[in-house]
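**Q** My questions concern the predicted model and sequence given below.
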Amino acid sequence: MNTSVILSYAFMYFVLFVVVPFVFVMFVMTCIKFFRADHEDAHHEMKLKPVFEDKQSFSFFKSLKTVVEGKYDVCCNVPLDTVFDMDLHDTNLNHECRLDYVLIDHNSSEVKMVISDAGKQNNSPLKKLFGKFNIGFIEMNQHKQWDPQSIKQALAV
């Protein structure tokens, strides 16, 4: 037999038994990936909330910013781990706890006061913790009338 005939048969078998199965497997894997990704995205659809905060919390936030008169920065929904360097073995505190409003001194970046909604959680361990570090901790119900003068007096101390 001629070498060109042998090479043509070798090329034909190479294409038939190597290239065609490889292309077929790649096509099937791509189809599986495409349909699986489409199926997962349908269950995890993300939507934008219509409002960031409820109206009462937002009006309280705006009025709190006017009370502090630019001397303090007001941060909302601050994690407790951001304020304190806590050990994970400290079991009496909830490490996922979020502080409703934190007042930070504009010049020194120190935490001066924490205001928390009394109805959301049990704040007695937090009150003790902030008292130990001489940081004001005020529990108030946002749905009732609050006194801006009492916050000004607490900040003056």
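**A** On my side now, so go ahead.

**Q** Now tell me which helix or strand of the protein has the poorest mean pLDDT.
**A** helix 148-156 (a mean of 76; mean pLDDT, DSSP states H and E).

**Q** Quick one: list the elements packing against that one.
**A** With contacts defined as 3 or more CB pairs under 8 Å, 6 or more residues apart in numbering; DSSP states H and E, helix 148-156 has these neighbours: helix 55-68, strand 111-117, strand 136-140. The C-beta positions use only the backbone N, C-alpha and C, and glycine is treated the same way.

**Q** relative to strand 136-140, how tilted is that helix?
**A** 160 degrees (axes from the mean of the first three to the mean of the last three CA atoms, to 10 degrees).

**Q** Between strand 111-117 and helix 148-156, find me the angle.
**A** 150 degrees.

**Q** from the helices and strands packed on helix 148-156, which stretch is densest packed?
**A** strand 111-117 (a mean of 20; mean count of other CB atoms under 10 Å).

**Q** how about the very next helix or strand once past that strand: buried residues?
**A** Next along the chain after strand 111-117, taking DSSP states H and E as the criterion, comes helix 124-132. By 16 or more other CB atoms under 10 Å, the buried positions in helix 124-132 come out as 126, 129-130.

**Q** what pLDDT does the most centrally placed residue in the chain get?
**A** Nearest to the geometric centre of the chain sits Pro79, at 9.6 Å (CA atoms, centre = their mean). pLDDT for Pro79: 83.

**Q** Surely it is in contact with Arg98?
**A** Yes - between Pro79 and Arg98 there is a contact under CB atoms under 8 Å: 5.6 Å.
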